[in-house]
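*Asks:* next comes the sequence, and after it the predicted model I'd like to discuss.
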Amino acid sequence: MKKTIGILCCFLLIAGLSFTLPGTAAPGQEIRIAGQFGLVYAPLMVAKKRGIFEKYGLKPVWKEYGSGGAVREALVAGEVDVGFMGIPPFLIGWDKGCQWKVAMGFVVIPVGLVTYDPAIKSLKDFKPGDKIAVPSPGSVQHILLAMAAEEELGSANALDNNIVAMPHPDAAAALISKKGIKAHFTTPPYLFEELSQPGFHLVIDDLQIFGHPFSFNVGVANQRFHDQKPAAYSSFVNAIGEAMAWINTNKKAAANLLAPEFKLSPEKTLEYLTWEGMNYTTAPYGLMGFAEFMQKSGYIKKVPRSFEEIAYENILAFIGNRAGVPSEIESLQYK
Amino acid sequence: MKLTRFKKSLRNKTLNQGMFIIGMMILWELLARTECFPPLLFPSLSSILINLATEIASGEILGMISFSLYLVGVGLGFAILTAAVIATLAMISQLISDWVQALMAILHPLPGIAVLPIIILWLGTGPQSIIAVIWFSAVWPLIANLHTGLRSVSATQIEVGRNLGLKGITLVRFVLLPGAFPYILTGIRIAWARAWQASVAAEMVFGASGGIGGLGWFIYKKRFFMEIPSVFGGMLVIILLGLLVERFCFEYVEVRTVRRWGMTSE
Amino acid sequence: MFSKEELVIDNLGKIYYAGEQRINALQQIDLKVKTGEFINIIGPSGCGKSTLLRCIAGFEKPTVGRVKVRGSEISGPGIDRMMVFQDFEQLFPWYTVLENIIFALRVARISIDPKKRKKVARYYLKMVGLTRFEDLYPHQLSGGMKQRVAIARALSVQPRILLMDEPFGSLDAITRFSLQKELIRIWKDTGLTIIFVTHNIEEAIILGDRIVILEANPGTIIEIVENTLSRPRSLEAVEFNRIWEQIHTLLGFENREQQESGKSITKLFREERELSFLPHA
């Protein structure tokens, strides 16, 4: 009897120790990141390659996922602490009760609807059989298309039956070979690639639809991670910030560093990194603009009453709260 | 006497299975109600059913069911035609039979969904691609069963047919096809299951095929909008439809043909 | 009584090739069968008796020689020569007993009117004593009943010659005995010509007017035994035993040779079965 109690105590001790250990040890804090790849994720790739996370005392654990949907599901399941996604997918999760908030803006990039068909000059020119590829339902591109459809065609759902969900590389290949799809709502580098084809042109772009730049992707952190490991959380935000600052001030070096990853020439990479409109920044844009539209069109049920509901303190501090007329950065959160 | 006992044991089995399923459903509901798991990931059965009811009422899901069934019907129809032609050719010529067997050995293990990327490249993203995947998934089990079925027809019965003056098409129609029917039925059963799975999988991997989309697209879309009860609802519909077709089509036919004729192995 | 020559087999030979090996299944077979005659063919396994029957039926083409029915050479299977097989599976399992016969009538275009067809089918079912079982499916019948239906079906299309390939070979002794009796009755009632293959000496003696004895390697006729025993024939009759001894001696010589060549009966039997599925030489 005594022996069993002794063993039980030992177990409890070990269990207790192992439970408290990670919390107490500040250096080498583990953070599980949903790693993604591509031009959009350049800061993440730079931070990884230049050991910036380690510099901030983080021990990053990378997990790879096939799609944005899978990243979001990994966050919901608690498999990763932080991940990156568009504002609409983030809001859909928030609306459904996911315990997460925006930790940072990530990138502002051009988004555009490309077609090869000279007859298609605006959304009105799409016939029922004309397929428009977007990465997935509920993606930034899908919501932007719905916004544009509401504005030009009178209903957010007007083009729903034209939509096909296809990963970027497949859709780009299909569009360039003019097979199956008529148009592709896409981002760099596919956007640049498609537009460089003869006769391919933009039908509409993000600025025309949204009116001003918005964060194409934001960094999202699980509430539990944020609350239980505040030091790791802020280290992560700062590490990404340093990676972005490095890209923004050393574009040539960044191009050289990333070119082999993208399997592109350094010149091409530099061209992409310095394309008009590309901006790696932790500042968030357009958080509320998407929420209001999505709520109005029935994609989500509620709109955040304040930024507090969808963003952590660093973002709240960033946006600020001007007495009187809202500040510029505050108003840029709306459409 | 024997038959009644058989019927009774059958009833007991059905009762057992029914109780088990109801038990599982209650367990599910209770587990979900405790909220040990986030409701987002593990919705209660009642919320799934309520969701499903509203989706059926809105007509959304019925349109998708009919679209899925339409795709499967067309794909399966083409597959049956192809299989009939190929199996007939293989009956006529040993050379073709060898080719078909080689082709079957190579392509049968390949899941239909695995050829989707190539089919999309060749045929684009329309319904024709999904139909092609369904066709591909269904055609091999059909050919395999038809081929073995035709070859397993009793040589004596064929000779009786020939003795009575049957040859060529009439021999096929009156002796070979009915003789191979147990295999044909099995083949269509497997082909239906595979086709049904392929239609759902194809839409889930590559999104809608245009038009309203089918059940795969329904689940795919609901996944991205994180409407997990609807995802479960879609799964439920797929299960139910599969069961209904099995029960009311295949079993109905089986009882009235193969089992009545004593052509089952049981 | 036997006025005309119903069937003439003229210098018939059949050669198979099993790989490199050349097998003389049948060689120089000459046989004349009169209308209404009951012929038995007997011989050891592998002697080609089934092959001979299949050549007559038209399922197989002889390598040399001719088969003539009432003067004209046959070119393939036909309803004038109906075969009853040993295989219980010869009925179509997807038809009931009655439907099996109706189907034969329909295919052979014996009667056009469906109502009349049903009547005809019932008539032949009555002939084999199976009226009560007309709605059963073949799998619900015993072996003996299946063979009766097969006989009724063959008779229904009114053949001139009934070819029987060991039809009672898989039946138990009692059933076999009663079927033999019925076959004799049917033969007498219909005046059919019957060619009946068997490997059972008693069966041959009970049934046939003449017993054709074959030997194997190559398959040739060694003797045709006249059987003038009056019917109903009794196993106890002295004459019965005399014929039995005669046939047994004729076959026994063959048996000894088989033992010398080290071939078991079952093996030879299997070879015979395989031979009948070989492609035409």
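*Replies:* Everything's here; your move. Residues are numbered from 1 along each chain as shown, chains lettered A, B, ... in the order given.

*Asks:* spatially central residue in chain C, please.
*Replies:* What sits nearest the mean C-alpha location of chain C, by C-alpha atoms, centre = their mean, is C:M164, with 2.0 Å.

*Asks:* what stretches of the chain score poorly on pLDDT?
*Replies:* No chain was given, so I picked chain A. Along chain A, segments meeting pLDDT under 70 span A:1-27.

*Asks:* nope, chain B
*Replies:* B:1-10, B:206-211, B:265-266.

*Asks:* closest residue of the stretch 1-150 of chain B to chain C?
*Replies:* Using C-beta to the nearest C-beta, B:Q94 is the residue of the stretch 1-150 of chain B that sits closest to chain C, at 10.2 Å. All C-beta spots, glycine's among them, are computed from the backbone N, C-alpha and C.

*Asks:* how close does that residue sit to C:P159?
*Replies:* Between B:Q94 and C:P159 the distance is 33 Å, computed by C-beta to C-beta, to the nearest Å.

*Asks:* ok, now which ones touch residue 55?
*Replies:* You didn't pick a chain, so chain A it is. A:A239, A:E242 (C-beta atoms under 8 Å, 6 or more residues apart in numbering or on different chains).

*Asks:* hm, I was asking about chain C
*Replies:* C:I9, C:L12, C:K14, C:L26, C:K61, C:P62, C:V67.

*Asks:* secondary structure element for it?
*Replies:* Here C:C55, judged by DSSP states H and E, is contained in helix C:49-57.

*Asks:* can I get that helix in PDB, CA atoms only?
*Replies:* What follows is helix C:49-57, C-alpha atoms only, in PDB (Å, rounded to 0.1, in the frame of the first residue of the first chain):
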ATOM      1  CA  LYS C  49     -16.900 -42.400 -76.900                       C
ATOM      2  CA  SER C  50     -17.900 -38.900 -75.800                       C
ATOM      3  CA  THR C  51     -16.000 -37.400 -78.700                       C
ATOM      4  CA  LEU C  52     -17.900 -39.600 -81.000                       C
ATOM      5  CA  LEU C  53     -21.200 -38.500 -79.600                       C
ATOM      6  CA  ARG C  54     -20.100 -34.900 -79.800                       C
ATOM      7  CA  CYS C  55     -19.200 -35.300 -83.400                       C
ATOM      8  CA  ILE C  56     -22.600 -36.700 -84.100                       C
ATOM      9  CA  ALA C  57     -24.200 -33.800 -82.200                       C
END
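
*Asks:* past it, which element shows up next along the chain?
*Replies:* Next element after helix C:49-57 (DSSP H and E): strand C:64-69.

*Asks:* which strands or helices does that following strand pack on?
*Replies:* If you count contacts as 3 or more C-beta pairs under 8 Å, 6 or more residues apart in numbering or on different chains; DSSP states H and E, strand C:64-69 packs onto strand C:5-18.

*Asks:* contacting residues around the strand it packs on?
*Replies:* By C-beta under 8 Å, 6+ apart, strand C:5-18 touches C:22-37, C:48, C:51-52, C:55-56, C:60, C:62-71, C:160-161, C:193, C:195, C:219, C:275, C:278, C:281.

*Asks:* and if we set it to 6 Å?
*Replies:* Here strand C:5-18 makes contact (C-beta atoms under 6 Å, 6 or more residues apart in numbering or on different chains) with C:23-29, C:31-35, C:51, C:62-69, C:193, C:275, C:278, C:281.

*Asks:* name the helices or strands packed onto the strand or helix carrying A:F106?
*Replies:* Here A:F106, judged by DSSP H and E, is contained in strand A:100-108. With contacts taken as 3 or more C-beta pairs under 6 Å, 6 or more residues apart in numbering or on different chains; DSSP states H and E, strand A:100-108 sits against strand A:217-222.

*Asks:* where does chain C have low pLDDT?
*Replies:* C:1-3, C:253-281.

*Asks:* tell me the contacts of the residue of it found nearest chain B?
*Replies:* Closest residue of chain C to chain B, C-beta to the nearest C-beta: C:H139 (2.6 Å). C:H139 sits next to B:G262, C:P93 when contact means C-beta under 6 Å, 6+ apart.

*Asks:* alright, I will stop here.
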